[in-house]
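# Predicted model and sequence follow; I will ask about them next.
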2 protein chains.
Amino acid sequence: MVPPQTRLGLSGDRVLATYAVFGDLDTAKAIASDICEEQTIEFPRDLVVDQEILDGIMGRIEDVRRGDAAGSWHVDISYAVEVSAFQIPQLLNMLYGNISLRPRIRLVNAQFPRSLTAVLTGPRFGVAGIRALVGARERPLTAAAIKPMGLPIDDLAAMAGDFAAAGIDVIKDDHGLSCQPFAAFRQRVGACAAAIATAKEEHGSRTLYMPSMNVPITDVGTAARFAIDAGAQGLMVLPGLHGFDIVRALAQDDSLAVPIMAHPSLLGSYVVAEQSGIAHGLLFGTLARLAGADVSVFPNHGGRFSFSPQECLGIADALAAPLGDLKPALPAPAGGMTVARASEVAAFYGQDVMLLIGGDLSRGDRRQRARDFSSAVA
Amino acid sequence: MVPPQTRLGLSGDRVLATYAVFGDLDTAKAIASDICEEQTIEFPRDLVVDQEILDGIMGRIEDVRRGDAAGSWHVDISYAVEVSAFQIPQLLNMLYGNISLRPRIRLVNAQFPRSLTAVLTGPRFGVAGIRALVGARERPLTAAAIKPMGLPIDDLAAMAGDFAAAGIDVIKDDHGLSCQPFAAFRQRVGACAAAIATAKEEHGSRTLYMPSMNVPITDVGTAARFAIDAGAQGLMVLPGLHGFDIVRALAQDDSLAVPIMAHPSLLGSYVVAEQSGIAHGLLFGTLARLAGADVSVFPNHGGRFSFSPQECLGIADALAAPLGDLKPALPAPAGGMTVARASEVAAFYGQDVMLLIGGDLSRGDRRQRARDFSSAVA
């Protein structure tokens, strides 16, 4: 008979997840025990007769201790890496799938063994790769968005051209531009890519254009191919709309081989409630990077949204922290950022940051304002 | 010159969204105004020179009134249907994308014009279609899950065969079964489909097998094709992992033409916080159905999770309510359900329900217990 520890072929490598749970210590321990079952066997453990399933498949409580938030406990639970299938969808499902449906459990940290990061290889370019592409060694990077929705395509393209002429490093579509009748994807992306190419040639800039992949899931592959063929040098992807695995799929696609920017649309509900969801740094930092984002966009503190300075730093830290052999990725604080704040924001994050400004670049002379933005970080 | 109202080609059809916002009335009005911008032009409105963009693209406040929850206001905002691009990703982005990142705004309702439901056509089968497939005219339907993870594939297949022999209407994979080394997708789905086919032939049952599409996003299409070719008669899809548009893509695929069951994994963070996210009925009801789910799984009240009876009824009601010409879909309350509760749960939801039981069917003689479950609803 095959010895039990080899039937499932488990390596012994573990994913370690930390959950903040809320209540008294007994409640915390009971919740921890529930999580171990819920996220793996999802089956009453008294009915499991195979000891190897109990020992190897079910999650294992590693520690329970007082948490940071008042009335919270931090629970460390480890899972056999094989339970994750070494794939983004099942990894997320294992970490937080069903228990997302229970209140008072927040996923606050996760650590991965090298056997996982050998498969989920993260950013193709990372900070250094993006810097090389735009020729910026030691300064914060700049990004701008093409908007508002409803502008004629020629006007959107002219705006893109102005930003490229001003030397903005990355130009992205407004994430709401998808395939509207008045903003047809191919016509729009083609026009913007052409305008940017012309401006780059005239002005010697090295702008990367990253069109939005806000299209039907079945069209993402062809949209990405079209965009690259039309002259785009990157892709903006929306994991809140299409799942985090679309980031992985595009980042790992050797036939595309372009940088990926992750946009936070629809992901807010994972972070805004304090006692449930996923910690800011883990979601927009670690998980976005593990999936393959070279750049992770999130709303900066002090803009239109409510992330705190600490939460924003948590994201930036997670994008840079050691994580297997994964390249660090760039934080892109956005959401109501202004040219006036560029220096302050750059000082806050340090030089490995991509400052993303949208509407504020359209105040006054657009090209001049974009130049001011570039100068402010140079 | 073309008159402004025709440049954008807007039909006048509107999507109407209702948000619960929290604070005093002035705060509520300010938030409502923010939403109108944030979800559409995402641009300072004072910089928009084109009146048609302000009138046609930007959201429009239709009403602000006292809400149900204490200290809440209900804000109706309408959007030109064209802003949604008539597509699930951009529709969700328009309804709640960026404002998901702000606390104290919950999307509680949405109404769609016929021009949208003419494109997003919802369930292919619906309640009547599923009933016809399993030959059950006037009773609640039954569903069972194959689990726990870690069981040898032959044992999983034997379990599936027992459930089919007992006349369970729908058998689904445990949603955590994906492509683990010990649960290889093709071998596992093939074995389960074969065991179910054999049992159906022997026992004259009409069970539908719905394997889980918890695979990399780039493999969903081939996994679905493989499953159907192997003998599956439906697909379980995970919009929390792959986005809601994967439901639409599979439901509208004429080459598959099978019923779709939507599983709630990772979607909990949208509903569990009271002052943010999306209302239960809208997310698991209206939106799942609009995307094309024939069956929507959610955790029943009184099980391992925390949904209230009212929230569960909200889901069931939304799956049945008038929605263009869309077929009604089946609620599938689950999450720690037991055979002992089957009659009670059926009485609560009425006959248009699919009762989903997992581990409890493995207490004692599995086949007999599944027969008891079938009898309890007959």
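Thanks, I have it.

# which residues pair with A:Ser296 across the strands?
A:Ser296 has these beta-bridge partners by DSSP bridges: A:Ala262, A:Pro331.

# mind checking how far it is from A:Tyr270?
Separation of A:Ser296 from A:Tyr270 (Cβ to Cβ, to the nearest Å): 14 Å. C-beta coordinates here come from the backbone N, C-alpha and C atoms, glycine included.

# again, but for A:Pro331
Relative to A:Tyr270, A:Pro331 is positioned 17 Å away (Cβ to Cβ).

# Can you list the neighbours in contact with the longest helix seen in chain A?
Ordering each helix of chain A by length in residues (DSSP state H) puts helix A:185-203 first. Counting by Cβ atoms under 8 Å, 6 or more residues apart in numbering or on different chains, helix A:185-203 makes contact with A:146, A:153-154, A:156-158, A:160-167, A:171, A:173, A:177-179, A:205-207, A:209, A:211, A:215, A:223, A:226-227, A:230-232, all of which sit outside it.

# Buried by neighbour count, from those residues: which ones?
Among those, the ones that count as buried by 16 or more other Cβ atoms under 10 Å in any protein chain shown are A:146, A:153, A:156-158, A:160-167, A:171, A:173, A:177-179, A:205, A:207, A:209, A:211, A:215, A:223, A:226-227, A:230-232.

# and these near chain B, which?
When Cβ under 8 Å from any Cβ of the partner chain is applied, the members of the buried ones among the contacts of helix A:185-203 adjacent to chain B are A:Ser178, A:Cys179, A:Val215.

# Any chance of JSON lines for those residues, columns distance to B:Leu16, secondary structure and pLDDT?
Conversion of those to JSON lines gives the following (distance: Cβ to Cβ, whole Å; DSSP: H, G, I helix; E, B strand; the rest coil; pLDDT from 0 to 100):
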{"residue": "A:Ser178", "distance to B:Leu16": "20", "secondary structure": "coil", "pLDDT": "96"}
{"residue": "A:Cys179", "distance to B:Leu16": "22", "secondary structure": "coil", "pLDDT": "94"}
{"residue": "A:Val215", "distance to B:Leu16": "25", "secondary structure": "coil", "pLDDT": "98"}
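
# As CSV, the residues you listed with distance to B:Gly277 would be great.
Output for those, formatted as CSV (distance: Cβ to Cβ, whole Å):
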residue, distance to B:Gly277
A:Ser178, 23
A:Cys179, 27
A:Val215, 25
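
# Can you get me a residue count around the nearest residue to A:Asp325 once chain neighbours are set aside?
Residue nearest to A:Asp325 in three dimensions, not counting chain neighbours: A:Thr117, with 6.5 Å by Cβ to Cβ, 6 or more residues apart in numbering or on different chains. Taking other Cβ atoms under 10 Å in any protein chain shown as the neighbour definition, A:Thr117 ends up with a count of 16.

# Assess the claim that A:Thr117 and A:Gly324 are in contact.
Yes - with the criterion set as Cβ atoms under 8 Å, A:Thr117 and A:Gly324 qualify as a contacting pair; they are 2.8 Å apart.

# which stretches of the stretch 151-300 of chain A form strands?
A:170-173, A:208-210, A:235-237, A:260-262, A:277-278, A:295-299 (DSSP state E, counting those that start in this stretch).

# Pick the most buried one from those.
Each of those was given a mean neighbour count from mean count of other Cβ atoms under 10 Å in any protein chain shown, and the largest, a mean of 30, is that of strand A:260-262.

# how about the residues of the stretch 201-350 of chain A that lie near chain B?
Proximity of the stretch 201-350 of chain A to chain B is assessed by Cβ under 8 Å from any Cβ, with A:214-218, A:221, A:238, A:240-243, A:245-246, A:248-249, A:264-273, A:275-278, A:299, A:304-307, A:335 identified as the residues in range.

# can you tell me which residue is nearest the centre of chain A?
Most central in chain A under Cα atoms, centre = their mean is A:Ala288, positioned 3.0 Å from the mean C-alpha point.

# Could you check how far it is from chain B?
Summarising the geometry, the distance separating A:Ala288 from chain B, computed by Cβ to the nearest Cβ, to the nearest Å, is 14 Å.

# what does the model give that residue for pLDDT?
Per-residue confidence at A:Ala288 stands at 98 (pLDDT).
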